[in-house]
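Engineer: Below is the sequence, then the predicted model.
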Amino acid sequence: MTIKVHPFGDYAHRQPFAYDPIRRACAPQIVVTEAFDAADIILLAHTKDLIRHAEALRPRLAAHQRLVLLSEEPLWDCVWAADPLSREQVFETDAGQVPFVFLNHVTSDIYAFEHIPYFLLTDYAYPTRYSCWFKENAPLSEVDWAARFAATKWDLAFVAEYRDEPRFDAAFPEAEFYGLGRWRTRLALACTGERLLRMGAGWNLLPRRQALPDWHLEKYLDLRGRCAVLSAVENTYHRSYVTEKVFDSLAIGAMPLYVAGPGHRIHDLLPRGAFVNLHGMSPEVAAERIIGYRPDPQSLSAYCEAQARLSALFNTPALLCAEYDRLAQALLRNLSDLV
């Protein structure tokens with residue numbers, strides 16, 4: 001059986017089937033159709049699209065069609081969804097109820113990676129670049145890295161959007177799921193010093209990363225070898241939510257800042273000491289921890305191990321193929337239950 005999905009809404013470009021590598025991995029069991037009426041599943045990607053379009057979608061949905069909110073972005077779920085923890089839900093409109101299924105990091109195993117986190121599967125450029133960058137970094141010794149950290153232009157860098165509204169503190173402690181956008185903004189504000197870089201939307205007048213031809217490559221070229229410590233704190237905390245940030249920090253030769261409790265999956269990817277873990281700290285306490293930070297011998301050893309481990313990961317094509325297979329099977333399993 002082939003499941004036909006139809007992405008719908010303003011955020012249709014931000015869900016798994018918007019990305020060619022994932023569509024290829026899922027075919028022919030799951031295919032994208034441009035015809036609304038031909039679809040088994042109508043896919044939304046953001047709660048905003050549910051709010052905007054649910055009433056109009058209600059009379060269009062055939063008896064056999066299911067409405068699914070397939071969210072790849074925990075920030076959207078944490079901040080905008082009334083209930084990001086329940087799978088089967090009903091959205092109330094003036095015209096009546098609209099049942100939908102919410103598939104996200106909390107309600108499904110779609111994003112529970114084995115080897116490579118989901119975000120890096122959305123574009124072949126990520127694993128391709130990391131295979132080169134970490135292969136170049138892996139031979140460097142502890143002495144090499146200590147010298148590089150000492151020679152950087154900035155001691156500490158924050159590259160993230162400025163967010164200081166209370167809504168970015170949204171939290172669902174029963175699921176260990178909460179926003180970090182405001183926390184990391186306050187951390188950046190609490191840090192001081194002449195050799196401090198803050199950049200991103202809201203901090204300066206530079207264009208948003210989405211407006212750049214290749215923001216990921218530009219980030220690497222701008223920062224490589226130029227900062228000793230780089231924040232890789234995610235916008236949201238969930239144990240399986242790991243984006244490009246921590247990989248980018250290591251790739252450019254910076255010590256990452258991160259927030260990870262004992263069950264966080266970052267511990268499966270990196271050895272203890274290969275990043276500065278700020279879990280459980282207030283922004284002010286975290287700032288005291290990192291201002292003037294210099295890695296000790298144990299951290300330098302762990303940092304070298306991390307570079308070697310990531311070089312091996314991204315230079316083993318079988319692991320990448322296995323991760324695409326795992327993701328495709330998870331999507332098929334979660335969607336098959338609905339048709």
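Structural biologist: Looks like it came in fine.
Engineer: ok but H6 is inside a strand, no?
Structural biologist: Yes. Per DSSP: H, G, I helix; E, B strand; the rest coil, H6 lies within a strand segment.
Engineer: For the stretch 1-150 of the chain, just list every one of the helices.
Structural biologist: Secondary structure of the stretch 1-150 of the chain (DSSP state H, counting those that start in this stretch): helices at 20-26, 47-57, 74-80, 125-137, 142-150.
Engineer: Serialize those to a markdown table and add fields for distance to T33, mean pLDDT and mean neighbour count.
Structural biologist: C-beta: built from backbone N, CA, C; applies to glycine. Output for the helices of the stretch 1-150 of the chain, formatted as a markdown table (distance: least, C-beta to C-beta, whole Å; pLDDT from 0 to 100; neighbours: other C-beta atoms under 10 Å):
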| stretch | distance to T33 | mean pLDDT | mean neighbour count |
| --- | --- | --- | --- |
| helix 20-26 | 12 | 98 | 17 |
| helix 47-57 | 16 | 96 | 17 |
| helix 74-80 | 24 | 97 | 22 |
| helix 125-137 | 27 | 98 | 18 |
| helix 142-150 | 50 | 97 | 15 |
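Engineer: So for K219, which of the ones you listed sits nearest?
Structural biologist: helix 125-137 (10.9 Å; C-beta to C-beta).
Engineer: Tell me the spacing between the most centrally placed residue in the chain and S231.
Structural biologist: The C-alpha lying nearest the average C-alpha coordinate of the chain belongs to T243 (C-alpha atoms, centre = their mean; 3.2 Å). Going from T243 to S231 by C-beta to C-beta, to the nearest Å gives 12 Å.
Engineer: Repeat that for V246.
Structural biologist: 10 Å.
Engineer: quick one: common contacting residues for these two?
Structural biologist: Residues touching both V246 and S231 (C-beta atoms under 8 Å, 6 or more residues apart in numbering): P256.
Engineer: burial measure for G292, as a count.
Structural biologist: When neighbours are counted by other C-beta atoms under 10 Å, G292 registers 10.
Engineer: Which pLDDT does the model give it?
Structural biologist: At G292, the model reports a pLDDT of 88.
Engineer: do the same with the one 10 residues further on
Structural biologist: At A302 the predicted local confidence, pLDDT, stands at 98.
Engineer: returning to what we had before: among the helices of the stretch 1-150 of the chain, which comes closest to V259?
Structural biologist: helix 74-80 (13.3 Å).
Engineer: residues in contact with the closest one?
Structural biologist: 46-48, 71, 84, 102, 104-106, 167-168, 170-172, 177-179, 181, 235-236, 238, 241.
Engineer: Buried ones among those residues?
Structural biologist: 46-47, 71, 84, 102, 104-106, 168, 170, 172, 177-179, 181, 235-236, 238, 241 (16 or more other C-beta atoms under 10 Å).
Engineer: So which of these are in strands?
Structural biologist: If you go by DSSP state E, those have 102, 172, 177-179, 236 in strands.
Engineer: now the angle from the longest helix anywhere in the chain to helix 125-137?
Structural biologist: Longest helix of the chain, by residue count under DSSP state H: helix 317-336. Using axes from the mean of the first three to the mean of the last three C-alpha atoms, to 10 degrees, the inter-axis angle of helix 317-336 relative to helix 125-137 is 150 degrees.
Engineer: Could you export the helix or strand where A188 lies as PDB, CA atoms only?
Structural biologist: Using DSSP states H and E, A188 sits in helix 181-190. Below are the C-alpha coordinates for helix 181-190, written out as PDB (Å, rounded to 0.1, in the frame of the first residue of the first chain):
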ATOM      1  CA  GLY A 181      15.000  30.700  23.700                       C
ATOM      2  CA  ARG A 182      14.600  33.300  26.400                       C
ATOM      3  CA  TRP A 183      17.000  31.500  28.700                       C
ATOM      4  CA  ARG A 184      19.800  31.600  26.100                       C
ATOM      5  CA  THR A 185      19.100  35.200  25.300                       C
ATOM      6  CA  ARG A 186      19.400  36.200  29.000                       C
ATOM      7  CA  LEU A 187      22.600  34.100  29.100                       C
ATOM      8  CA  ALA A 188      24.100  36.200  26.200                       C
ATOM      9  CA  LEU A 189      23.000  39.400  27.900                       C
ATOM     10  CA  ALA A 190      24.600  38.300  31.200                       C
END
